[in-house]
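Chemist: Model the structure of this input:
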Amino acid sequence: MDNSFWSLIPPILAIIMVLMTRRVLFSLGVGIAASALFIANFNLGETIYLIWEGVKGVFVDEGALNSGNIFILIFILILGVLTSLINIMGGTRAFGDFMIKRVQTRVGAQIMTMIFGIIIFIDDYFNSLTVGQVAMPITDKHKISRAKLSYIVDSTSAPVSVIAPISSWGAYIIGILGTVLATHNITEYNGFSAFIEIIPMNFYVWAALGVILVIALCKTDFGPMKKHEERAQKTGKVLMEDNSVEDEAEKNLPVSKAGTLIDLILPIAVLLVATIAVIFWTGINALEGEDKALMDIFGEADVNYSLLVGGAISLIVVFLMFIKHIIRDKLTGRSFVSGFVAGIKSMLPAFFILIFAWTIVDLIELLGTGNYLGGLVESSNLSLTLLPMIVFTMAGFIALATGSSWGSFGLLLPIAGQIAASTDIDLMLPMLAAVLAGSVFGDHCSPISDTTILSAAGSKVSVVDHVTTQIPYAFVAALISAVGYLILGLTASVWIGLVGVIILLVALFFILQRTKIPEEEENTEQKSIL
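Modeler: Prediction:
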C-alpha cells in the first residue's frame, strides 16, 4: 500500500477525525495506528513495532538523542513557565494597561499583532510561540477571541518566514533552489537571487496577510470564527467554555499589583536577544574557513538549540526578578512554585500533541503519501497555462496531508523544476514559487502541522478551535492565490498576477463591508443583551 492511493487514507482519516471529534490526541492516535497498519500490511506485530519506532524516533534518531525535537519540547515547557511567572509578577497586567491606552481599538490590536508577527521573522517556531504571548494582554483587553489571535499569529509565522531570506526557512529553501537550478544548468541566477525574485510570486503570502487586514478593517468575521468573536465581544470571554487550555489552577494564580512594564518587557527582550545571539554563535561555529556570509550563518545555525538556550537564560532572569518581588513582600515562594507547576501544566496539551504529530508525520513519510502525490504532479499532462495553479493546489494538498511544509518543499521543488525544464524554462521560478506558496497554505490548514499546534499553544487556545476557525480564512486566501497563479499562467506576467491578487482582496473588502451589520444595529443588539 506504500506510494499508492491507499497511502492517502491514514492522514485524511486523522484530519477528518480531529475536525469531527475535536479530540486531537485520540484522532492523531488513530492516524498513527492506521498508518502503521498500512505500512505493515495489517500485520499486528509489525504494526505495534512500527508505532513504537515512530514514537521512539521523536526522541532517538540513529542511535543518538534527537536533540532538535527534545530542545523544542523543553522550550515549550519553559515558555509556559515564563508566561505563568510573568503573569504572577504583574507584568502581563501592566503591559496590557500600558498598551490599551495606546492601542484603543480592536482594529488596532489586530494590526499590532500582525506587525509583531512580521517583525519576528527569524524562525516560525519562535514566532508562533512568542507573538501570541506578547499580544495576548492587548487582544484580551479588547475582547478579541483567542481563536482570532492564534489565526493572526499563524498567518504571520510560516507565511512571513517563507519570504525572509535571513531566516532558518530562507537558508533551507535557498539551499534546495540552488540544487534545482544547478541540476538544470541554469546559471543566470543562483539560489539566493532566485529566492529574492520568487518573493513577489509567492501569492499566498500576500493573500494571507491581505485577508488579515481586510478582516480587521471590515470589523467583521465569517465561518466558525464569527461565533468566537461575537461571544468574546458580548461576554468578554475570549475562550470557549469547553476549551481545556487554561485550567483552574492557572486562572487562580495570584497577580502582583506592584508589577511594571519591565516585568514583561525585560524577559521577552532577553529571550529575543539571547536566542538571536545563540543562532549566530552556533552558525558561525558550524562554518569552516573564513567565508562566513550571513546566509551561511543562518543555514548552519542550530535554531532549536538556540531557542532552548534563549529560553533558559530568560527563565533565569525571571527567577531573579521574582526573588525581588518576594523580598518586597509582594509575592511568596509558594506562589513561585504554583506558577512554575501551572506553567508546565498549561503547555502539556501542546507537548503531547506535538509528539503525536511528529510520530504520524514520520509514519506518513514511510507510507509514501507525499511521493504518491508528487508523482501525480510530475506525470500530469496539463496545459502550461494551468501548471502554476495546479502545482500550487497539489502542494497545498500534500502539505495538508503530511503536516509538513518543509517536507513538501524537499519533495516538490525538484519535481516542479523538472516539469518546468522539460516544458517551458520560463516557468521555472513561477513553478517553484507556487510550490512554496501551496506548501505554506497546506501546512497552515493542517491540524497535524507543528506550526499549527505551536500557534495554538502560544495563544493558549485549543488546536481544534484554532484549525476550525482558521481554515475558512486560509481557503479564501488560497482561492485568491490560485486565481493569481491562473492569471500568471495566462499572461506570463508575475506583476499582472499580483495585481489580480490585490484586486480580489479589495473586492473581498467591499463584499464583507456590504454584508456587515451596521454599527447602530450592533450597538442596539449589545445594549439589549446587557
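Chemist: Against residue 274, how distant is residue 282?
Modeler: 12 Å (CB to CB, to the nearest Å). Any C-beta I mention is one placed from the backbone N, CA and C, and that applies to glycine too.
Chemist: should've said residue 312
Modeler: 9 Å.
Chemist: what does residue 199 give?
Modeler: Distance of residue 199 to residue 274, given as CB to CB: 29 Å.
Chemist: quick one: low-confidence ranges for the stretch 201-350 of the chain?
Modeler: 241-252, 289-296, 298-299 (pLDDT under 70).
Chemist: Name all residues that make contact with the spatially closest residue to residue 239 that is not a sequence neighbour.
Modeler: Spatial nearest neighbour of residue 239, chain neighbours left out: residue 146 (5.4 Å); criterion: CB to CB, 6 or more residues apart in numbering. Counting by CB atoms under 8 Å, 6 or more residues apart in numbering, residue 146 touches 136, 139, 228, 238-239, 243, 245, 459-461, 465.
Chemist: Equivalent analysis for residue 157, please.
Modeler: Here residue 157 is in contact with 117, 124, 127-128, 131, 451, 455 (CB under 8 Å, 6+ apart).
Chemist: Pull the contacting residues for residue 502.
Modeler: Residue 502 neighbours (CB under 8 Å, 6+ apart): 206, 210.
Chemist: Per-residue pLDDT of it, please?
Modeler: Residue 502 carries a pLDDT value of 95.
Chemist: do residue 380 as well
Modeler: In this prediction residue 380 is given a pLDDT of 63.
Chemist: With residue 520 instead?
Modeler: At residue 520, the pLDDT recorded in the model is 41.
Chemist: Equivalent analysis for residue 113, please.
Modeler: 89.
Chemist: Helix or strand: which one has it?
Modeler: helix 106-119 (DSSP states H and E).
Chemist: Pull out the buried residues from the longest helix seen in the chain.
Modeler: With secondary structure taken from DSSP state H, the chain has its longest helix at helix 333-367. By 16 or more other CB atoms under 10 Å, the buried positions in helix 333-367 come out as 335-336, 338-340, 342-347, 349-351, 353-367.
Chemist: okay, now residue 507: neighbour count?
Modeler: 12 (other CB atoms under 10 Å).
Chemist: helix/strand/coil for it?
Modeler: Using DSSP: H, G, I helix; E, B strand; the rest coil, the structure places residue 507 in helix.
Chemist: For the contacts of residue 157, which single residue is the most surrounded?
Modeler: Neighbour-wise, the contacts of residue 157 (other CB under 10 Å) top out at residue 455, 35 neighbours.
Chemist: residues touching that one, list them.
Modeler: 128, 132, 150, 153-154, 157, 466.
Chemist: what does stretch 319-333 contact?
Modeler: By CB under 8 Å, 6+ apart, stretch 319-333 touches 85, 88-89, 254, 256-258, 263, 266-267, 336.
Chemist: one more time with 7 Å, if that's ok
Modeler: 85, 88-89, 254, 256, 258, 263, 336 (CB atoms under 7 Å, 6 or more residues apart in numbering).
Chemist: Quick check: of those residues, which lies closest to residue 172?
Modeler: residue 85 (33.7 Å; CB to CB).
Chemist: Sketch out the helices for the stretch 251-400 of the chain, chain order is fine.
Modeler: Using DSSP state H, counting those that start in this stretch, the helices of the stretch 251-400 of the chain run over residues 262-286, 294-300, 303-327, 333-367, 369-379, 387-402.
Chemist: Turn these into JSON lines, columns for distance to residue 5.
Modeler: Compiled in JSON lines, the helices of the stretch 251-400 of the chain are given as follows (distance: least, CB to CB, whole Å):
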{"stretch": "helix 262-286", "distance to residue 5": "42"}
{"stretch": "helix 294-300", "distance to residue 5": "37"}
{"stretch": "helix 303-327", "distance to residue 5": "35"}
{"stretch": "helix 333-367", "distance to residue 5": "12"}
{"stretch": "helix 369-379", "distance to residue 5": "7"}
{"stretch": "helix 387-402", "distance to residue 5": "12"}
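Chemist: residues in contact with residue 387?
Modeler: So residue 387 contacts 419, 427, 431, 489 (CB under 7 Å, 6+ apart).
Chemist: I misspoke; the intended subject was residue 131.
Modeler: Residues in contact with residue 131, defined by CB under 7 Å, 6+ apart, are 113, 116-117, 120, 153, 156, 458.
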